[in-house]
Each structure stands twice: as structure tokens, then as C-alpha cells.
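> Model the structure of this input:
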Amino acid sequence: MMNQSVTYIVKGRRQRRYRWILVTGLLLALACLLSCGMLLLGSTMYPAQDVFHVLMGEDISGVSFAVETIRLPRMLAGLFAGFAFGISGHTFQTMLRNPLASPDVIGITAGSSAAAVFCILILHASGTVVSIASVISGLITVLLIYIFSKGKTFSIGRLILVGIGMQAMLNALVSYLLLVGAQQDIPSALRWLNGSLNGSQMDELPPLMITVLFVAPIVIALGKHVSILELGEEAATTLGLHTDRTRMMLIVGAVSLLALATATTGPIAFVAFLSGPIAKRLVGVGLSNAIPAGLVGVNLVLGADLIGQFAFEVRYPVGVITGILGAPYLIFLLTRMNRKGNVS
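Residues are numbered from 1 along each chain as shown. From the prediction side, this is the model:
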């Protein structure tokens with residue numbers, strides 16, 4: 001009987017591992033396909049071999065400018081920002097054990113956005129200044145949400161409600177900044193607030209790319225600790241996990257990814273919110289879904305940008321398309337949780 005139980009456990013683990021590998025591989029293949037589409041599609045379609053030669057360093061009249069100046073930065077911005085949004089959203093949702101605890105629902109994205117808009121409209125800054133301000137503001141927002149939601153006992157429901165209130169307050173601050181900002185800067189700020197890959201430039205991408213390449217592996221490596229945190233504070237402590245230190249490392253890493261992505265592309269709506277649940281639905285439970293969630297974020301951003309560019313007569317920013325996709329799911333989730341009595 002004991003050997004049979006062990007066999008079932010081993011078989012289940014093997015099946016979950018195969019499923020994880022298969023789904024992750026398919027998500028990676030789709031991301032590669034969408035990335036190629038971002039490079040090939042546009043007002044003019046160039047042969048794949050010409051695009052490849054340009055990427056290898058050759059200079060081809062017309063093709064080089066379109067690929068190197070417009071399409072490649074746009075694709076890389078969507079690729080790295082989508083991965084950052086996906087991992088950060090999954091981290092917060094898993095760590096707080098609630099699908100509503102996404103950075104763009106509980107106000108963290110709004111904190112980074114407010115700082116970035118302030119830098120754009122008031123300080124007329126860009127690049128590194130906006131990135132640093134976004135990270136600092138995101139961390140301060142997390143700290144304030146935690147302080148205001150902390151009563152006699154920690155409550156995830158209270159944290160989410162405080163975060164939603166914080167988001168409303170920060171959105172009001174953004175609206176005020178738009179009222180007092182210089183008229184010539186407002187259109188660019190509005191395009192940024194909608195979440196857009198338009199106008200992405202190579203010299204603006206290094207902070208985001210470096211952060212993803214160095215911070216994302218740390219967050220992914222802590223994935224097994226996130227799974228332990230899902231068991232609850234007492235169980236995690238009993239298993240020997242330093243919960244406060246682990247949670248702090250995860251928060252700093254996730255907020256850094258989120259803030260740099262927000263500073264680069266704007267707050268692309270609902271990508272962080274959708275990526276984790278979609279990855280969990282595809283992969284299942286038992287293994288860390290951080291990498292699949294990041295890849296889902298990549299596919300959401302790149303796919304939504306292609307839809308916004310070519311599916312309609314008018315071109316829409318990527319954030320408009322992801323907002324259309326995410327809003328119904330948010331309503332569905334709130335309705336389901338309200339029926340179960342989990343919202344309060």
C-alpha cells in the first residue's frame with residue numbers, strides 16, 4: 001500500500017512537470033512568433049530575410065530604418081515589459097493568496113504612474129529620472145498600503161480595500177497633474193497613461209532590460225518560497241522560512257520590475273492582473289508558475305499590440321486592448337468572490 005502511494009505521488013509529479021514543460025515551451029514558441037510578427041508587420045511588409053540581415057548588422061535601404069528605429073525597440077519594450085508585468089502580478093497574487101492582489105488593482109501601478117507623470121509634466125524629465133522615481137514611488141506606495149491596512153491582525157481583504165482606495169487617490173493626483181501640466185506635454189502623458197509601445201526608443205530600454213535580466217531570476221528562484229507563503233504565516237514559519245525577509249525580497253523585486261516596466265511603456269492595463277491566473281489555468285498547481293506567468297504577460301502585450309495596430313481601421317494603444325480583455329474578467333472575479341464571501 002505504501003509503495004503504491006509513493007508510485008502515485010511520483011507519477012503525479014512527473015505528469016505535472018511534463019505539463020509545465022509543454023505549456024512553457026508553447027508559450028515561448030508563441031512569444032517568438034509574435035516577436036517575429038512585430039518585426040515583419042507594419043505599413044510596409046519586408047521579406048523575412050531582409051529583416052534578418054538587418055538584425056545581423058547589414059544596412060538595407062528603407063528596411064534598416066524601419067526595423068532598427070521603430071519595430072525592434074517596440075518589440076523589445078513589449079517583450080521585457082510584458083515579462084516584468086507578468087512576474088510581478090503573479091508574485092503579489094501568490095504571496096497574498098488572492099487573485100485581486102494584483103499591482104494594478106491595489107494601487108502599486110498607480111503609485112509608479114503618479115511619479116512618472118510628475119516627472120514628465122512638472123520636471124520635464126525622462127529616462128533614468130523617471131525610472132528611479134517610479135521605483136521609489138512604487139516602494140513607498142507598498143509601504144503605505146501595508147501601514148494603513150495593518151490592524152491588530154493582518155488581513156488580505158483589508159489590504160486590498162486600502163489598495164483600491166490608494167489607487168483612487170493616486171489617480172486623482174494624476175488627473176490634477178494633467179490639469180496643471182503644460183499643454184504641449186499633455187498629449188504625450190496621456191498616450192503614456194494609456195499604456196503604449198508607440199515611440200519606444202532603444203536608449204530608453206536599458207534600465208528595464210537590465211532589471212529584468214538581473215531581478216527576474218531572483219524572483220523566479222524565490223518561487224518555491226512563494227508556494228510556502230501560500231500555506232499561511234504560521235505554517236511557513238513552522239517550515240523554517242524567514243517570512244518577513246522573504247516577503248521583503250519578493251516585494252522589492254516585484255515592485256522594481258513593475259515600476260521599470262511602467263516607466264518604459266506606461267501602465268498597460270490588466271497584464272499583471274491576468275497573467276498569473278491564465279498561467280495557473282494552463283499549467284496547474286504543484287510547480288512555480290513565475291516563468292509561465294511572465295511568458296503569458298509577453299504574449300498578452302505583443303498580441304494586444306498587434307491587434308491594436310492591424311485589427312481595426314484606427315490604431316489603438318496596447319493598453320486599450322488589454323483593458324478590454326481584462327475588465328470582464330475583473331467583474332467576473334469580483335462577482336464570484338462576492339458569492340463566496342471572500343471580498344470582505
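> I'd like to know how many residues surround I307.
Other residues within reach of I307, judged by other Cβ atoms under 10 Å, total 17. For the C-beta atoms, the positions are set from N, CA and C on the backbone; glycine is no exception.
> Name the single longest helix found in this structure.
With DSSP state H applied, the helix covering the greatest number of residues in the chain is identified as helix 2-40.
> Give me the helices and strands touching the helix or strand that that helix is followed by, please.
Using DSSP states H and E, the helix or strand that directly follows helix 2-40 along the chain is helix 48-55. Helix 48-55 sits against helix 2-40, helix 63-65, with contacts defined as 3 or more Cβ pairs under 8 Å, 6 or more residues apart in numbering; DSSP states H and E.
> which residues touch the last one?
Taking contacts as Cβ atoms under 8 Å, 6 or more residues apart in numbering, the residues outside helix 63-65 that touch it are Y46, D50, V51, V54, E58.
> let's go with 6 Å and repeat that
Y46, D50, V54 (Cβ atoms under 6 Å, 6 or more residues apart in numbering).
> So what angle separates the directions of the next helix or strand after that helix and helix 2-40?
Scanning forward in sequence from helix 63-65, with DSSP H and E defining helices and strands, the next element found is helix 72-95. An angle of 150 degrees separates the directions of helix 72-95 and helix 2-40 when computed by axes from the mean of the first three to the mean of the last three Cα atoms, to 10 degrees.
> where's helix 72-95 relative to the chain centroid, distance-wise?
Its chain's average C-alpha position is 4 Å from that of helix 72-95, according to Cα atoms, centre = their mean, to the nearest Å.
> Pull the residues that contact that helix.
Contacts of helix 72-95 with the rest of the structure, by Cβ under 6 Å, 6+ apart, involve 35, 38-39, 99, 101-103, 197, 200-202, 205, 208-209, 212, 216, 219, 226, 229, 250, 254, 257-258, 261, 264-265, 271-273, 275-276, 290, 293-294, 296-298, 301-302, 305.
> pLDDT on it, on average?
Helix 72-95 comes out with an average pLDDT of 91.
> Tell me the helices and strands packed up against the following helix or strand past that helix.
The C-terminal neighbour of helix 72-95 among helices and strands, as given by DSSP H and E, is helix 108-121. When contacts are defined as 3 or more Cβ pairs under 6 Å, 6 or more residues apart in numbering; DSSP states H and E, helix 108-121 sits against helix 128-149, helix 156-180, helix 186-193, helix 243-265.
> among these, which gets the worst mean confidence?
Mean pLDDT is lowest for helix 186-193 out of these, coming in at a mean of 76.
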